[in-house]
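[1] Predicted model follows, preceded by the sequence.
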Protein chains: 2
Amino acid sequence: MTDQQAFFDLLDIMENEKLVEPTRFFDLMRGTFSIANLLYLDADVFPAGLAIHRLHHTLGANSLRAYMDAGFQRIDPVLKMAIGGVRPVDWATARKLHPESEPLFATAADLGHKLDGVTLPLPTPTRRLAFLAIQADMPTEEWPAYKRCHLRDFQILANLFHASLLENDNRIQLSDHCGKSLTHRETEVLSWAAAGKSYWEIGTILGISERTVRFFMTNARRKLNVVSNSQAVAQAVRRDLISTL
Amino acid sequence: MTDQQAFFDLLDIMENEKLVEPTRFFDLMRGTFSIANLLYLDADVFPAGLAIHRLHHTLGANSLRAYMDAGFQRIDPVLKMAIGGVRPVDWATARKLHPESEPLFATAADLGHKLDGVTLPLPTPTRRLAFLAIQADMPTEEWPAYKRCHLRDFQILANLFHASLLENDNRIQLSDHCGKSLTHRETEVLSWAAAGKSYWEIGTILGISERTVRFFMTNARRKLNVVSNSQAVAQAVRRDLISTL
DNA sequence: CGCAAAACTGTCGGTAGTGACAGGTTCGAA
DNA sequence: TTCGAACCTGTCACTACCGACAGTTTTGCG
């Protein structure tokens, strides 16, 4: 195959460059493969919805606005399957499994979009959702074979692109790291509070006075900038500051 | 290349079979690629350490015991890099970056292990760490070219194996899903408590009496099987039942 | 309609959490 | 050695939380 060299060139770029800008990555992908569009999403998942961290795509403002305006994110079967699992989701498969999503595919077709593609879930070190959606640029009958051949290429390149963005995020976050961290004892009492223990119980467990437990808890509340133990525990759990299950 | 067909055969198996047992996957991988050993880990990450969910490997009990006894998990640079990032970690690279880990590599060599390999972080829908470590079975000088050629194969197959195990876990968990879920109001009240609001404040915010807030909170505590609001909030945050930041 | 689940409210009494007062000890880094 | 950070303790007054009592109203579904 003649694609082989192009893939390896792209692999080298993704492995060696510190930060690959989304637009550049998208251009490289479209230059190397028969891809119509790409969409990269990195978000927090809540029952109520998504808190989007990063969103990059080549779809154009119109398509995305139409998608959001119609509330398609609530019925999008690809999104559902990507959130729930870690397996690459083929759009045609998702469409077949979720007939209620027909309006979405109909609208997409109206806007001139191809309906073949695959969405690749990506590794996330913290609790997040991330994926790269790839839209095919070829007749529908050619797509399955093309996907079979190149899925591995897409996956590794998507992973490396994702890694590049995450590593860049980390670099930025390291600098604005204000706010003191909790001491060992503060973490400890917070953990026991999260386990439902009272001050008196915690004091007994740790072999210190109830008053001292209160002292640590007060310090923890101050450091976390919160007003109640419940709020402190919520923060601590969200920020992975405490361990006990 | 003659490997190509073998890869695609394996790809078909991983895509189509519901559950691929670890031993079977490992055998298939070793039959297809020049791999000495594999190790798959799925765990929760806490500051204090790892809570292992699944661990499958082909190393033999001796090697793993030696690893744990020596406390190598605390200095293992591969582990560190896999936890912190999402990029495939080459063992030789990790070794170079973390000179303090020499004892680990020395011991591994003593036990007759090759020191070439790569560890692939895997997508995790919840907050977890998962990876597949692959140990090369070839002379060191051949490994870089082999890895470059097959990294994409490893990654996609690892993802599919991981997906297969996770989906099986989900199936099991669905059946023993006892305990009622929280109502809308219970979730709402819990969210405000996690934000540090008192009963009276929550009542004012939601336009209901303080007593009613207490009622919902009591129900939430009972349903979550906990004894304090702090514990309820901890559970709710851990189980993603509440959203507010 | 009937029924169940959710939403809502009141009061009492005990326990737990919270802030502000005012200290002492111990250990490691400058 | 001096200094700061972490660790530890006591008391007072106030507020918040929590369980148990005993209800009413609304909503959705068969």
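    Good, I have the coordinates. Numbers count the residues shown, from 1 in each chain, chains lettered A, B, ... in the order given.
[2] What ranges does chain A have for its helices?
    Ranges of helices within chain A are A:3-16, A:22-32, A:61-69, A:77-84, A:91-97, A:102-110, A:143-175, A:184-194, A:199-206, A:210-224, A:229-238, based on DSSP state H.
[3] how about JSON lines for those helices, with mean neighbour count, distance to chain B and mean pLDDT added?
    (Glycine included, C-beta is placed from N, CA and C.) Below are those laid out as JSON lines (neighbours: other C-beta atoms under 10 Å in any protein chain shown; distance: least, C-beta to the nearest C-beta, whole Å; pLDDT from 0 to 100):
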{"stretch": "helix A:3-16", "mean neighbour count": "15", "distance to chain B": "7", "mean pLDDT": "91"}
{"stretch": "helix A:22-32", "mean neighbour count": "17", "distance to chain B": "13", "mean pLDDT": "95"}
{"stretch": "helix A:61-69", "mean neighbour count": "12", "distance to chain B": "19", "mean pLDDT": "80"}
{"stretch": "helix A:77-84", "mean neighbour count": "19", "distance to chain B": "7", "mean pLDDT": "77"}
{"stretch": "helix A:91-97", "mean neighbour count": "16", "distance to chain B": "11", "mean pLDDT": "89"}
{"stretch": "helix A:102-110", "mean neighbour count": "14", "distance to chain B": "22", "mean pLDDT": "86"}
{"stretch": "helix A:143-175", "mean neighbour count": "18", "distance to chain B": "4", "mean pLDDT": "84"}
{"stretch": "helix A:184-194", "mean neighbour count": "22", "distance to chain B": "4", "mean pLDDT": "89"}
{"stretch": "helix A:199-206", "mean neighbour count": "16", "distance to chain B": "10", "mean pLDDT": "89"}
{"stretch": "helix A:210-224", "mean neighbour count": "17", "distance to chain B": "9", "mean pLDDT": "90"}
{"stretch": "helix A:229-238", "mean neighbour count": "25", "distance to chain B": "3", "mean pLDDT": "89"}
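[4] B:His56: which of these is closest?
    Checking the helices of chain A against B:His56 by C-beta to C-beta gives helix A:143-175 as the closest, at 21.5 Å.
[5] ok, back up a step: can I get the helices of chain A in CSV with distance to DNA strand D?
    Below are the helices of chain A laid out as CSV (distance: least, C-beta to the nearest atom of the strand, whole Å):
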stretch, distance to DNA strand D
helix A:3-16, 40
helix A:22-32, 40
helix A:61-69, 26
helix A:77-84, 22
helix A:91-97, 24
helix A:102-110, 23
helix A:143-175, 19
helix A:184-194, 4
helix A:199-206, 7
helix A:210-224, 3
helix A:229-238, 7
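[6] could I get these as JSON lines with distance to B:Ile205?
    What follows is the helices of chain A, written out as JSON lines (distance: least, C-beta to C-beta, whole Å):
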{"stretch": "helix A:3-16", "distance to B:Ile205": "48"}
{"stretch": "helix A:22-32", "distance to B:Ile205": "40"}
{"stretch": "helix A:61-69", "distance to B:Ile205": "28"}
{"stretch": "helix A:77-84", "distance to B:Ile205": "30"}
{"stretch": "helix A:91-97", "distance to B:Ile205": "39"}
{"stretch": "helix A:102-110", "distance to B:Ile205": "36"}
{"stretch": "helix A:143-175", "distance to B:Ile205": "32"}
{"stretch": "helix A:184-194", "distance to B:Ile205": "24"}
{"stretch": "helix A:199-206", "distance to B:Ile205": "28"}
{"stretch": "helix A:210-224", "distance to B:Ile205": "21"}
{"stretch": "helix A:229-238", "distance to B:Ile205": "15"}
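[7] and of these, who's closest to B:Asp69?
    Closest among the helices of chain A, once you apply C-beta to C-beta, is helix A:184-194, at 25.9 Å.
[8] got the angle for that closest one vs helix B:229-238?
    When axes from the mean of the first three to the mean of the last three C-alpha atoms, to 10 degrees is applied, the directions of helix A:184-194 and helix B:229-238 differ by 90 degrees.
[9] Which strand runs longest in chain A?
    The residue-count maximum for a strand in chain A (DSSP state E) belongs to strand A:35-46.
[10] does A:Leu97 really touch A:Lys80, like I thought?
    No. When contacts are counted by C-beta atoms under 8 Å, A:Leu97 is not listed as touching A:Lys80 (9.4 Å).
[11] rewinding a little: just the CA trace of the longest strand of chain A, in CSV.
    What follows is strand A:35-46, C-alpha atoms only, in CSV (Å, rounded to 0.1, in the frame of the first residue of the first chain):
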residue,chain,number,x,y,z
ILE,A,35,-11.6,11.9,5.8
ALA,A,36,-14.3,14.5,5.3
ASN,A,37,-14.4,16.0,8.8
LEU,A,38,-13.1,15.5,12.3
LEU,A,39,-14.4,16.4,15.8
TYR,A,40,-12.5,16.3,19.0
LEU,A,41,-14.2,16.6,22.3
ASP,A,42,-12.8,16.7,25.9
ALA,A,43,-15.4,17.2,28.6
ASP,A,44,-16.5,16.3,32.1
VAL,A,45,-19.5,14.0,32.3
PHE,A,46,-22.4,14.8,34.6
